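In: need a structure here:
(one chain, ligands or ions: 1)
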Amino acid sequence: MKELIAKYIEEIRAAKIDGIEDKAAAVEQFRVRFLGRKGIMNELFEQFKKAPGEQKKELGIALNQLKTAAQEKVEEFKNFVEQSVELNDTHDLTLPSDFADRGSRHVLSVTMNEIADIFARIGFTIEDGPEIEDDYHVFTALNFAPDHPARDMQDTFFVEKDPNVNKPTDVLLRTHTSGVQVRVMERQKPPIRVIMPGRVFRNEAISARAHCIFHQVEGLYIDKKVSFTDLKQTLLYFAKEMFGPDTQIRLRPSYFPFTEPSAEMDISCNICGGKGCNICKGTGWLEILGCGMVDPNVLEASGIDSKEYSGFAFGMGVERMAMLKYQIRDLRLYFENDLRFLHQFDSLV
Ligand code: DAH
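Out: Residues are numbered from 1 along each chain as shown. Next comes the predicted model:
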């Protein structure tokens with residue numbers, strides 16, 4: 001037994017884990033072999049119990065030496081494993097960190113906020129409505145005739161179809177924000193002075209000039225004795241705030257089912273100052289929105305007495321506003337999330 005102990009001590013002194021791939025596992029294996037419950041140490045202690053009395057002292061000392069040697073070796077191995085993990089860690093904690101990209105607001109959000117701010121300064125508040133709408137709020141209550149072409153499936157995305165006849169039901173994605181006017185009139189009494197920004201959907205092929213998803217800001221003002229002059233002055237104020245103090249406006253007669261009279265508004269071209277360039281196609285004018293006096297049928301449909309109250313409404317495309325203001329040539333850029341495009345607007349808040 002004495003020789004055996006001496007042999008193990010020798011083995012322990014010579015043991016190495018340098019070349020071993022999984023060092024942590026090798027250390028554990030070593031520990032279990034000598035110091036585990038069924039390990040060499042315990043086995044030798046069992047034998048020690050049966051050894052003759054006169055040998056016990058000498059054997060006891062040798063056994064303790066073996067145990068200490070095994071424990072010290074395990075400690076040594078563990079330290080070695082820890083150190084080599086640290087050495088393999090290639091992170092240099094003294095290096096300065098990368099710049100964190102803080103991101104910025106999307107140019108469409110900036111433009112929407114800008115429009116909202118301009119109208120907030122003259123007392124307009126913001127209202128919201130659902131993107132999934134019904135036929136009544138988007139068309140019927142806005143005086144669209146039953147056979148009006150805007151109700152056609154070619155323009156409108158219907159959310160549900162009648163399974164029996166495969167015809168659209170009246171649940172649809174709103175094609176304009178004008179329907180929010182109806183929702184506001186249903187829940188508020190005049191005076192009403194609101195703008196209604198939001199996302200709209202039309203079944204259009206995607207190109208530089210058209211998209212199936214875009215944004216509008218709708219405006220509605222209803223009170224006693226609201227006149228076309230109020231509309232014109234409000235929009236002139238908006239145009240100057242948005243595009244600069246020298247901006248001029250012109251109103252051209254137009255048609256919308258929900259306004260009478262209706263108009264389209266142009267601003268003097270902010271690129272060439274009205275002289276004519278390729279942006280305004282040589283005309284000196286840029287079309288920016290539709291507007292008009294709210295049709296009495298629309299007021300009455302939402303329970304507002306058209307003899308007592310009158311109002312004006314307008315609606316504009318946010319993508320178009322941003323295109324004109326920031327000279328963006330292609331609508332698709334807004335939705336592609338190309339950082340080279342988005343970063344150009346970092347300084348806007
Ligand atoms: N809803 C119209 C569109 O999508 C825009 C519009 C025109 C809104 C005239 C109005 C308005 O409120 O009075 O083209």
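
In: List the contacts of Val217.
Out: The contact partners of Val217, by Cβ atoms under 8 Å, 6 or more residues apart in numbering, come to Met112, Ile115, Ala116, Thr177, Ile195, Met196, Pro197, Gly315, Met316, Val318. Using the backbone N, CA and C atoms, a C-beta is placed for each residue, glycine as well.

In: ok, it to Glu114 distance?
Out: In this view, Val217 and Glu114 are 10 Å apart by Cβ to Cβ, to the nearest Å.

In: All the strands of the chain, in order from the start?
Out: Assigned by DSSP state E, the chain shows strands spanning 125-126, 132-134, 161-162, 167-168, 171-173, 192-201, 213-223, 249-256, 259-268, 285-294, 310-317.

In: how about JSON lines for those strands, with mean pLDDT and distance to the ligand added?
Out: Formatted as JSON lines, the strands of the chain follow (pLDDT from 0 to 100; distance: least, Cβ to the nearest ligand atom, whole Å):
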{"stretch": "strand 125-126", "mean pLDDT": "97", "distance to the ligand": "15"}
{"stretch": "strand 132-134", "mean pLDDT": "95", "distance to the ligand": "13"}
{"stretch": "strand 161-162", "mean pLDDT": "75", "distance to the ligand": "24"}
{"stretch": "strand 167-168", "mean pLDDT": "72", "distance to the ligand": "20"}
{"stretch": "strand 171-173", "mean pLDDT": "93", "distance to the ligand": "13"}
{"stretch": "strand 192-201", "mean pLDDT": "98", "distance to the ligand": "7"}
{"stretch": "strand 213-223", "mean pLDDT": "97", "distance to the ligand": "5"}
{"stretch": "strand 249-256", "mean pLDDT": "96", "distance to the ligand": "4"}
{"stretch": "strand 259-268", "mean pLDDT": "96", "distance to the ligand": "4"}
{"stretch": "strand 285-294", "mean pLDDT": "96", "distance to the ligand": "3"}
{"stretch": "strand 310-317", "mean pLDDT": "97", "distance to the ligand": "2"}
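
In: Not counting its neighbours along the chain, what's nearest the residue in the stretch 101-250 of the chain that the ligand sits nearest to?
Out: Here the residue of the stretch 101-250 of the chain nearest the ligand is His176; by Cβ to the nearest ligand atom that distance is 3.4 Å. Excluding the flanking residues, the one nearest His176 by Cβ to Cβ, 6 or more residues apart in numbering is Val200, at 5.5 Å.

In: Just confirm the residue of the stretch 101-250 of the chain closest to the ligand contacts Glu133, I think it does.
Out: No - the criterion here is Cβ atoms under 8 Å, and His176 misses it with Glu133 at 9.9 Å.

In: Give me every residue in the protein lying close to the ligand.
Out: Within the chain, the positions lying close to the ligand (Cβ under 6 Å from any ligand atom) are His176, Ser178, Glu218, Phe256, Thr259, Gly290, Cys291, Gly292, Ala313, Phe314, Gly315.

In: Out of those residues, give me the one that has the most neighbours.
Out: Of all these, Ser178 has the most neighbours under the rule other Cβ atoms under 10 Å, reaching 29 neighbours.

In: low pLDDT regions in the stretch 101-250 of the chain?
Out: The model of the stretch 101-250 of the chain has no residue with pLDDT under 70.

In: related to what we said a few turns ago, and the contacts of Val217, which two are the farthest apart?
Out: Ala116 and Gly315 (14.4 Å; Cβ to Cβ).

In: This protein: helices as residue ranges?
Out: In the chain, the segments counted as helices under DSSP state H are 2-14, 23-35, 40-50, 53-88, 107-120, 135-138, 178-187, 228-243, 296-301, 318-326, 333-336, 339-342.

In: Of all these, which one comes closest to Gly282?
Out: Minimum separation from Gly282 across the helices of the chain (Cβ to Cβ) falls at helix 318-326, 16.2 Å.

In: Output the contacting helices and strands for that closest one.
Out: helix 107-120, strand 213-223, helix 228-243, strand 285-294 (3 or more Cβ pairs under 8 Å, 6 or more residues apart in numbering; DSSP states H and E).

In: Could you list the buried residues of that helix?
Out: Val318, Glu319, Arg320, Met321, Ala322, Met323, Leu324, Lys325 (16 or more other Cβ atoms under 10 Å).

In: Turn these into TSV, columns for pLDDT and distance to Val81.
Out: Listed next are these as TSV, based on pLDDT from 0 to 100; distance: Cβ to Cβ, whole Å:
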residue	pLDDT	distance to Val81
Val318	96	62
Glu319	95	61
Arg320	93	66
Met321	94	65
Ala322	94	60
Met323	92	63
Leu324	91	67
Lys325	92	64
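
In: Much appreciated, bye for now.
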